[in-house]
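# Fold the following for me, if possible:
(one chain, ligands or ions: 2)
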Amino acid sequence: MDAMQPLTLIVGPCAAESAGQMDAVASSLGAAVRGIGDGVSIVLRAGLWKPRSRPDSFQGAGADGLPWLTAAAQAMGVPAATEVATPEHLITAYEAGIRHFWIGARTTSNPFMVETLAAAEIADRTAVTWYVKNPTSPDIELWCGAIERLRQAGYEHVAAIHRGFALGEHSASAYRNAPVWSVPIELKRRYPALPVLTDASHIAGQAVLVADVAHQAMRIGMDGLMIEVHPHPAEALSDAGQQLTPEQLQSVLETMIADRCADRHETPAADEHSALAVLREQIDETDDELWALISRRMQIVRQIGAYKRAKNLPVLQTARYDEILSRRMAWAAGQGIDPQAAKQIMDIIHEQSVLAQT
Ligand code: PEP
Ligand code: MN
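Ligands and ions are numbered 1, 2, ... in the order given. Sure thing, here's the model as predicted:
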(Lines give C-alpha, C1' and ligand atoms only; values in the text may rest on other atoms or scores of the structure.)
(Ligands and ions follow the chains in the order given, each with its own letter.)
Protein backbone atom coordinates (compact mmCIF):
# COMPACT_ATOMS: atom_id res chain seq x y z
CA MET A 1 0.00 0.00 0.00
CA ASP A 2 0.99 3.55 -0.65
CA ALA A 3 1.87 5.92 2.13
CA MET A 4 -1.03 7.17 4.23
CA GLN A 5 -2.95 9.89 2.42
CA PRO A 6 -3.44 12.97 4.57
CA LEU A 7 -6.63 13.48 6.55
CA THR A 8 -8.07 16.85 7.55
CA LEU A 9 -9.36 17.28 11.08
CA ILE A 10 -11.37 20.43 11.74
CA VAL A 11 -11.90 20.76 15.48
CA GLY A 12 -13.05 23.43 17.86
CA PRO A 13 -16.14 24.81 19.51
CA CYS A 14 -19.45 25.31 17.77
CA ALA A 15 -19.03 29.02 18.49
CA ALA A 16 -16.41 31.43 19.76
CA GLU A 17 -18.05 32.70 22.95
CA SER A 18 -15.42 34.80 24.74
CA ALA A 19 -11.71 35.53 24.84
CA GLY A 20 -11.41 33.28 27.91
CA GLN A 21 -13.23 30.37 26.30
CA MET A 22 -10.99 30.57 23.20
CA ASP A 23 -7.87 30.69 25.43
CA ALA A 24 -9.08 27.54 27.14
CA VAL A 25 -9.75 25.99 23.72
CA ALA A 26 -6.20 26.77 22.58
CA SER A 27 -4.56 25.17 25.61
CA SER A 28 -6.81 22.12 26.14
CA LEU A 29 -7.42 21.32 22.48
CA GLY A 30 -3.81 22.09 21.59
CA ALA A 31 -2.74 19.45 24.12
CA ALA A 32 -5.33 16.93 22.87
CA VAL A 33 -4.21 17.07 19.22
CA ARG A 34 -0.49 17.54 19.78
CA GLY A 35 0.44 13.87 19.57
CA ILE A 36 -1.73 13.03 16.60
CA GLY A 37 1.21 12.61 14.26
CA ASP A 38 1.90 12.78 10.57
CA GLY A 39 -0.64 12.79 7.85
CA VAL A 40 -3.32 14.72 9.71
CA SER A 41 -3.78 18.45 9.00
CA ILE A 42 -5.49 20.19 11.86
CA VAL A 43 -7.68 23.26 11.47
CA LEU A 44 -9.25 25.14 14.40
CA ARG A 45 -12.93 25.93 13.91
CA ALA A 46 -15.21 28.35 15.74
CA GLY A 47 -18.42 29.89 14.46
CA LEU A 48 -18.64 33.68 14.72
CA TRP A 49 -21.83 34.27 12.76
CA LYS A 50 -24.19 31.48 13.77
CA PRO A 51 -27.09 30.60 11.49
CA ARG A 52 -29.66 29.77 14.16
CA SER A 53 -33.13 28.58 13.40
CA ARG A 54 -34.65 30.87 16.04
CA PRO A 55 -33.91 34.53 16.74
CA ASP A 56 -33.90 34.08 20.54
CA SER A 57 -30.84 31.80 20.60
CA PHE A 58 -27.15 32.80 20.70
CA GLN A 59 -26.30 34.39 17.33
CA GLY A 60 -22.51 34.30 17.70
CA ALA A 61 -19.98 36.93 18.73
CA GLY A 62 -19.60 38.27 15.18
CA ALA A 63 -16.50 40.27 14.26
CA ASP A 64 -15.70 40.81 17.98
CA GLY A 65 -14.66 37.16 18.13
CA LEU A 66 -12.16 37.35 15.26
CA PRO A 67 -9.14 38.22 17.47
CA TRP A 68 -10.06 35.41 19.93
CA LEU A 69 -10.14 32.86 17.10
CA THR A 70 -6.98 34.01 15.35
CA ALA A 71 -5.07 34.15 18.66
CA ALA A 72 -6.17 30.63 19.60
CA ALA A 73 -5.18 29.27 16.18
CA GLN A 74 -1.83 30.99 16.40
CA ALA A 75 -1.19 29.55 19.86
CA MET A 76 -1.97 26.08 18.50
CA GLY A 77 0.08 26.64 15.36
CA VAL A 78 -2.80 25.70 13.04
CA PRO A 79 -5.03 27.62 10.60
CA ALA A 80 -8.35 29.07 11.78
CA ALA A 81 -11.68 28.40 10.07
CA THR A 82 -15.05 30.03 10.44
CA GLU A 83 -18.45 30.02 8.75
CA VAL A 84 -19.28 32.84 6.37
CA ALA A 85 -22.67 33.51 4.86
CA THR A 86 -22.31 36.99 3.38
CA PRO A 87 -19.54 38.86 1.50
CA GLU A 88 -19.22 41.10 4.56
CA HIS A 89 -18.44 38.09 6.79
CA LEU A 90 -15.92 36.81 4.26
CA ILE A 91 -14.13 40.12 3.76
CA THR A 92 -14.02 40.92 7.49
CA ALA A 93 -12.64 37.48 8.37
CA TYR A 94 -10.19 37.51 5.45
CA GLU A 95 -8.86 40.89 6.53
CA ALA A 96 -8.37 39.49 10.05
CA GLY A 97 -6.09 36.84 8.52
CA ILE A 98 -8.47 33.88 8.25
CA ARG A 99 -8.02 31.77 5.12
CA HIS A 100 -10.25 28.73 5.79
CA PHE A 101 -13.99 29.18 5.47
CA TRP A 102 -16.95 26.90 5.53
CA ILE A 103 -20.31 27.50 3.93
CA GLY A 104 -23.08 26.26 6.22
CA ALA A 105 -25.86 23.93 5.17
CA ARG A 106 -28.48 26.67 5.11
CA THR A 107 -26.32 28.84 2.85
CA THR A 108 -25.43 26.02 0.43
CA SER A 109 -29.17 25.56 -0.01
CA ASN A 110 -29.38 29.05 -1.54
CA PRO A 111 -27.61 29.49 -4.92
CA PHE A 112 -27.97 33.29 -4.77
CA MET A 113 -26.03 33.40 -1.50
CA VAL A 114 -23.32 31.10 -2.81
CA GLU A 115 -23.00 33.15 -5.98
CA THR A 116 -22.64 36.34 -3.92
CA LEU A 117 -19.98 34.75 -1.71
CA ALA A 118 -18.07 33.43 -4.72
CA ALA A 119 -18.08 36.88 -6.30
CA ALA A 120 -16.93 38.77 -3.16
CA GLU A 121 -13.70 40.70 -3.69
CA ILE A 122 -10.74 39.48 -1.68
CA ALA A 123 -7.06 39.98 -2.50
CA ASP A 124 -5.91 36.39 -3.14
CA ARG A 125 -8.37 33.62 -3.89
CA THR A 126 -5.60 31.05 -4.28
CA ALA A 127 -4.71 31.42 -0.60
CA VAL A 128 -8.19 30.42 0.52
CA THR A 129 -9.60 26.97 1.32
CA TRP A 130 -13.36 26.51 1.16
CA TYR A 131 -15.33 23.74 2.83
CA VAL A 132 -18.82 23.43 1.41
CA LYS A 133 -21.32 21.75 3.70
CA ASN A 134 -24.13 19.78 2.11
CA PRO A 135 -27.47 21.57 1.79
CA THR A 136 -30.10 20.75 4.42
CA SER A 137 -32.04 18.54 1.99
CA PRO A 138 -30.39 15.60 0.19
CA ASP A 139 -30.21 17.50 -3.11
CA ILE A 140 -26.81 16.68 -4.58
CA GLU A 141 -27.18 19.20 -7.42
CA LEU A 142 -27.28 22.09 -4.93
CA TRP A 143 -24.14 20.74 -3.26
CA CYS A 144 -22.32 20.33 -6.61
CA GLY A 145 -23.58 23.73 -7.74
CA ALA A 146 -22.00 25.46 -4.74
CA ILE A 147 -18.68 23.67 -5.30
CA GLU A 148 -18.70 24.59 -8.98
CA ARG A 149 -19.60 28.23 -8.35
CA LEU A 150 -16.52 28.59 -6.10
CA ARG A 151 -14.28 26.82 -8.60
CA GLN A 152 -15.53 28.98 -11.46
CA ALA A 153 -14.74 32.06 -9.37
CA GLY A 154 -11.08 30.96 -9.32
CA TYR A 155 -10.91 29.16 -5.98
CA GLU A 156 -8.57 26.20 -6.32
CA HIS A 157 -8.87 24.71 -2.85
CA VAL A 158 -12.40 23.50 -2.39
CA ALA A 159 -13.47 20.58 -0.19
CA ALA A 160 -16.88 19.31 0.90
CA ILE A 161 -18.28 18.53 4.34
CA HIS A 162 -21.01 15.97 4.80
CA ARG A 163 -23.13 17.05 7.80
CA GLY A 164 -26.21 14.97 7.20
CA PHE A 165 -29.74 15.97 6.23
CA ALA A 166 -32.85 17.24 7.97
CA LEU A 167 -35.36 14.56 7.04
CA GLY A 168 -37.63 14.88 10.07
CA GLU A 169 -40.00 11.96 10.32
CA HIS A 170 -38.74 10.54 7.01
CA SER A 171 -35.47 9.76 8.70
CA ALA A 172 -34.68 6.21 9.69
CA SER A 173 -31.82 7.49 11.80
CA ALA A 174 -31.27 7.91 15.53
CA TYR A 175 -28.99 10.86 14.83
CA ARG A 176 -29.83 14.57 14.75
CA ASN A 177 -29.21 14.62 11.00
CA ALA A 178 -29.76 11.60 8.79
CA PRO A 179 -26.40 10.67 7.25
CA VAL A 180 -27.84 9.35 3.92
CA TRP A 181 -24.37 8.08 3.04
CA SER A 182 -25.42 7.53 -0.57
CA VAL A 183 -25.24 11.31 -1.15
CA PRO A 184 -21.59 11.92 -0.13
CA ILE A 185 -20.71 8.64 -1.87
CA GLU A 186 -22.28 9.97 -5.09
CA LEU A 187 -20.35 13.23 -4.60
CA LYS A 188 -17.08 11.27 -4.35
CA ARG A 189 -18.06 9.30 -7.46
CA ARG A 190 -18.63 12.52 -9.40
CA TYR A 191 -15.47 14.27 -8.15
CA PRO A 192 -12.86 11.62 -7.29
CA ALA A 193 -10.23 14.23 -6.38
CA LEU A 194 -12.51 16.34 -4.14
CA PRO A 195 -11.76 15.90 -0.42
CA VAL A 196 -15.01 15.03 1.36
CA LEU A 197 -15.00 15.31 5.17
CA THR A 198 -17.67 14.18 7.61
CA ASP A 199 -19.03 16.51 10.29
CA ALA A 200 -19.57 13.80 12.90
CA SER A 201 -20.94 16.26 15.48
CA HIS A 202 -23.79 17.75 13.48
CA ILE A 203 -24.78 14.32 12.19
CA ALA A 204 -24.68 12.69 15.64
CA GLY A 205 -26.29 15.51 17.61
CA GLN A 206 -25.19 13.86 20.89
CA ALA A 207 -21.67 13.57 22.22
CA VAL A 208 -22.01 9.83 22.88
CA LEU A 209 -22.78 9.13 19.20
CA VAL A 210 -19.93 11.15 17.67
CA ALA A 211 -17.39 8.30 17.81
CA ASP A 212 -19.85 6.04 16.04
CA VAL A 213 -20.26 8.42 13.09
CA ALA A 214 -16.51 9.13 12.97
CA HIS A 215 -15.85 5.38 12.81
CA GLN A 216 -18.30 4.93 9.91
CA ALA A 217 -16.78 7.89 8.05
CA MET A 218 -13.25 6.56 8.40
CA ARG A 219 -14.20 3.03 7.36
CA ILE A 220 -16.08 4.34 4.31
CA GLY A 221 -12.96 6.25 3.30
CA MET A 222 -13.92 9.86 3.92
CA ASP A 223 -11.04 12.34 3.81
CA GLY A 224 -11.34 13.79 7.29
CA LEU A 225 -13.63 14.86 10.08
CA MET A 226 -15.15 17.98 11.55
CA ILE A 227 -15.75 17.55 15.30
CA GLU A 228 -17.04 20.13 17.76
CA VAL A 229 -15.00 20.36 20.96
CA HIS A 230 -15.57 22.68 23.89
CA PRO A 231 -13.55 22.96 27.12
CA HIS A 232 -16.84 22.76 29.09
CA PRO A 233 -19.55 21.39 26.78
CA ALA A 234 -22.32 21.67 29.38
CA GLU A 235 -21.79 25.44 29.49
CA ALA A 236 -21.68 25.92 25.70
CA LEU A 237 -23.97 28.64 24.33
CA SER A 238 -24.90 26.51 21.30
CA ASP A 239 -24.96 22.77 20.52
CA ALA A 240 -24.06 21.89 24.14
CA GLY A 241 -25.24 18.29 23.85
CA GLN A 242 -23.02 17.32 20.94
CA GLN A 243 -19.69 18.94 21.79
CA LEU A 244 -16.89 16.73 23.11
CA THR A 245 -14.44 17.58 25.84
CA PRO A 246 -10.82 17.66 24.65
CA GLU A 247 -10.30 14.34 26.51
CA GLN A 248 -13.24 12.73 24.71
CA LEU A 249 -11.80 13.99 21.44
CA GLN A 250 -8.56 12.19 22.18
CA SER A 251 -10.28 8.84 22.37
CA VAL A 252 -12.19 9.52 19.12
CA LEU A 253 -8.87 10.38 17.48
CA GLU A 254 -7.39 7.06 18.50
CA THR A 255 -10.28 5.35 16.70
CA MET A 256 -9.83 7.63 13.73
CA ILE A 257 -6.19 6.75 13.35
CA ALA A 258 -6.88 3.04 13.80
CA ASP A 259 -9.83 3.08 11.36
CA ARG A 260 -8.42 5.24 8.61
CA CYS A 261 -7.98 3.71 5.19
CA ALA A 262 -4.44 4.09 3.92
CA ASP A 263 -5.25 4.37 0.28
CA ARG A 264 -8.57 6.05 -0.31
CA HIS A 265 -8.27 7.01 -3.95
CA GLU A 266 -7.07 3.80 -5.55
CA THR A 267 -9.11 0.85 -6.72
CA PRO A 268 -7.32 -2.36 -5.77
CA ALA A 269 -5.53 -3.91 -8.78
CA ALA A 270 -7.87 -6.01 -10.88
CA ASP A 271 -6.27 -9.29 -9.86
CA GLU A 272 -8.69 -12.04 -10.93
CA HIS A 273 -7.50 -14.28 -8.15
CA SER A 274 -7.87 -11.82 -5.36
CA ALA A 275 -10.49 -12.58 -2.73
CA LEU A 276 -12.07 -9.20 -3.43
CA ALA A 277 -12.53 -9.99 -7.13
CA VAL A 278 -14.24 -13.28 -6.27
CA LEU A 279 -16.60 -11.57 -3.82
CA ARG A 280 -17.37 -8.84 -6.33
CA GLU A 281 -18.32 -11.45 -8.90
CA GLN A 282 -20.73 -12.94 -6.37
CA ILE A 283 -22.21 -9.50 -5.75
CA ASP A 284 -22.73 -8.94 -9.47
CA GLU A 285 -24.49 -12.31 -9.80
CA THR A 286 -26.68 -11.56 -6.78
CA ASP A 287 -27.60 -8.15 -8.21
CA ASP A 288 -28.57 -9.83 -11.50
CA GLU A 289 -30.95 -12.08 -9.57
CA LEU A 290 -32.26 -9.21 -7.48
CA TRP A 291 -33.09 -7.12 -10.56
CA ALA A 292 -34.67 -10.08 -12.32
CA LEU A 293 -36.93 -10.43 -9.26
CA ILE A 294 -37.74 -6.72 -9.21
CA SER A 295 -38.68 -6.90 -12.86
CA ARG A 296 -40.89 -9.96 -12.21
CA ARG A 297 -42.55 -8.15 -9.31
CA MET A 298 -43.33 -5.17 -11.54
CA GLN A 299 -44.96 -7.44 -14.13
CA ILE A 300 -47.26 -8.88 -11.45
CA VAL A 301 -47.97 -5.36 -10.21
CA ARG A 302 -49.15 -4.35 -13.70
CA GLN A 303 -51.52 -7.33 -13.79
CA ILE A 304 -52.92 -6.30 -10.42
CA GLY A 305 -53.30 -2.78 -11.79
CA ALA A 306 -55.34 -4.07 -14.74
CA TYR A 307 -57.55 -6.08 -12.36
CA LYS A 308 -58.19 -3.09 -10.08
CA ARG A 309 -59.02 -0.94 -13.07
CA ALA A 310 -61.49 -3.53 -14.38
CA LYS A 311 -63.18 -3.75 -10.96
CA ASN A 312 -62.94 0.00 -10.38
CA LEU A 313 -60.91 -0.52 -7.19
CA PRO A 314 -58.51 2.18 -5.88
CA VAL A 315 -54.81 1.57 -6.50
CA LEU A 316 -53.80 2.38 -2.94
CA GLN A 317 -54.89 -0.23 -0.40
CA THR A 318 -53.34 0.87 2.86
CA ALA A 319 -54.38 -2.15 4.94
CA ARG A 320 -52.66 -4.45 2.46
CA TYR A 321 -49.53 -2.28 2.46
CA ASP A 322 -49.51 -2.24 6.28
CA GLU A 323 -49.52 -6.00 6.28
CA ILE A 324 -46.67 -6.27 3.71
CA LEU A 325 -44.64 -3.69 5.60
CA SER A 326 -44.96 -5.17 9.09
CA ARG A 327 -44.13 -8.63 7.78
CA ARG A 328 -40.98 -7.37 6.01
CA MET A 329 -39.82 -5.24 8.93
CA ALA A 330 -40.19 -8.12 11.39
CA TRP A 331 -38.38 -10.43 8.99
CA ALA A 332 -35.56 -7.90 8.51
CA ALA A 333 -35.09 -7.56 12.27
CA GLY A 334 -34.68 -11.33 12.50
CA GLN A 335 -31.99 -11.20 9.80
CA GLY A 336 -29.98 -8.50 11.53
CA ILE A 337 -31.11 -5.89 8.97
CA ASP A 338 -32.24 -2.51 10.32
CA PRO A 339 -36.07 -2.61 10.07
CA GLN A 340 -36.15 1.12 9.25
CA ALA A 341 -33.79 0.51 6.34
CA ALA A 342 -36.06 -2.36 5.22
CA LYS A 343 -38.99 0.05 5.40
CA GLN A 344 -37.19 2.60 3.23
CA ILE A 345 -36.48 -0.03 0.56
CA MET A 346 -40.04 -1.33 0.74
CA ASP A 347 -41.41 2.23 0.51
CA ILE A 348 -39.52 2.81 -2.75
CA ILE A 349 -40.70 -0.50 -4.20
CA HIS A 350 -44.28 0.18 -3.12
CA GLU A 351 -44.25 3.74 -4.48
CA GLN A 352 -43.06 2.44 -7.86
CA SER A 353 -45.79 -0.20 -7.78
CA VAL A 354 -48.48 2.37 -7.04
CA LEU A 355 -47.22 4.59 -9.88
CA ALA A 356 -47.08 1.63 -12.30
CA GLN A 357 -50.78 1.00 -11.61
CA THR A 358 -51.95 4.55 -12.25
C1 PEP B 1 -21.71 24.62 12.30
O2 PEP B 1 -20.80 23.97 11.76
O3 PEP B 1 -21.59 25.19 13.38
C4 PEP B 1 -23.04 24.67 11.65
C5 PEP B 1 -23.93 25.59 11.94
O6 PEP B 1 -23.22 23.68 10.80
P7 PEP B 1 -24.35 23.33 9.72
O8 PEP B 1 -24.31 24.41 8.70
O9 PEP B 1 -23.85 22.03 9.23
O10 PEP B 1 -25.66 23.23 10.46
MN1 MN C 1 -22.71 23.62 15.92
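# give the contact list for residue 19.
Contacts here follow C-beta atoms under 8 Å, 6 or more residues apart in numbering; on that basis residue 19 touches 67-68, 71. Yep, even glycine has a C-beta here, placed from its N, CA and C like the rest.
# tell me the mean pLDDT over stretch 264-283?
Across stretch 264-283, the average pLDDT comes to 79.
# Over to stretch 177-192?
Averaging pLDDT along stretch 177-192 gives 96.
# Tell me the buried residues in that stretch?
Taking 16 or more other C-beta atoms under 10 Å as the neighbour-count basis, stretch 177-192 is seen to contain the buried residues 177-180, 183-184, 187-188, 191.
# Residue 172 contacts residue 179, correct?
No - taking contacts as C-beta atoms under 8 Å, residue 172 lies outside contact range of residue 179: 10.2 Å.
# And the residue of this structure closest to ligand 1?
With C-beta to the nearest ligand atom as the measure, the residue in the chain that lies nearest ligand 1 is residue 104; the distance is 3.1 Å.
# Next one: that residue, what pLDDT does it get?
According to the model, residue 104 carries a pLDDT of 98.
# From residue 248, how far off is it?
Going from residue 104 to residue 248 by C-beta to C-beta, to the nearest Å gives 24 Å.
# ok, these two, which is more surrounded?
The residue with more neighbours, out of residue 104 and residue 248, is residue 104; 23 against 18, by other C-beta atoms under 10 Å.
# re earlier: show me which of the contacts of residue 19 is closest to residue 96.
Nearest to residue 96 among these: residue 67, at 7.2 Å, using C-beta to C-beta.
# Could you tell me how many residues sit around the closest one?
By the measure other C-beta under 10 Å, the count of residues near residue 67 is 14.
# swap in residue 326?
12.
# Which strand or helix spans it?
In this structure, residue 326 is located in helix 318-334 according to DSSP states H and E.
# May I see the buried residues of that helix?
Within helix 318-334, the residues scored as buried using 16+ other C-beta under 10 Å are 325, 328-329, 332.
# what's the next secondary structure element after it?
The first helix or strand that comes after helix 318-334 along the chain, using DSSP H and E, is helix 339-356.
# That next one vs helix 318-334, what angle?
150 degrees (axes from the mean of the first three to the mean of the last three C-alpha atoms, to 10 degrees).
# can you list contacts of helix 339-356?
Applying C-beta under 8 Å, 6+ apart, the contact partners of helix 339-356 are 172-173, 294, 297-298, 301-302, 305, 315-316, 321, 324-325, 328-333.
# Could you do stretch 174-193 as well?
Counting contacts by C-beta under 8 Å, 6+ apart, the residues outside stretch 174-193 that touch it are 134, 138, 140, 143-144, 147, 160, 162-167, 170-173, 194, 196, 198, 202-206, 209, 213, 216, 220, 222, 242, 265.
# change it to 7 Å
134, 138, 140, 143-144, 160, 162-167, 171, 173, 194, 196, 202-205, 209, 213, 220, 265 (C-beta atoms under 7 Å, 6 or more residues apart in numbering).
# how about it, does it reach ligand 1?
No - contact of stretch 174-193 with ligand 1 (C-beta under 6 Å from any ligand atom) is absent, the minimum separation being 7.8 Å.
# residue ranges with poor pLDDT in the stretch 51-200 of the chain?
Applying pLDDT under 70 to the stretch 51-200 of the chain flags no residue at all.
# ranges for the helices of the stretch 51-200 of the chain?
66-76, 87-95, 105-108, 111-119, 140-152, 182-190, 200-204 (DSSP state H, counting those that start in this stretch).
# Leaving out chain neighbours, which residue sits closest to the most centrally placed residue in the chain?
With distances taken as C-alpha atoms, centre = their mean, the chain has residue 162 as the residue nearest its mean C-alpha position (1.9 Å). Leaving out its chain neighbours, the residue that sits closest to residue 162 by C-beta to C-beta, 6 or more residues apart in numbering is residue 184, at 4.0 Å.
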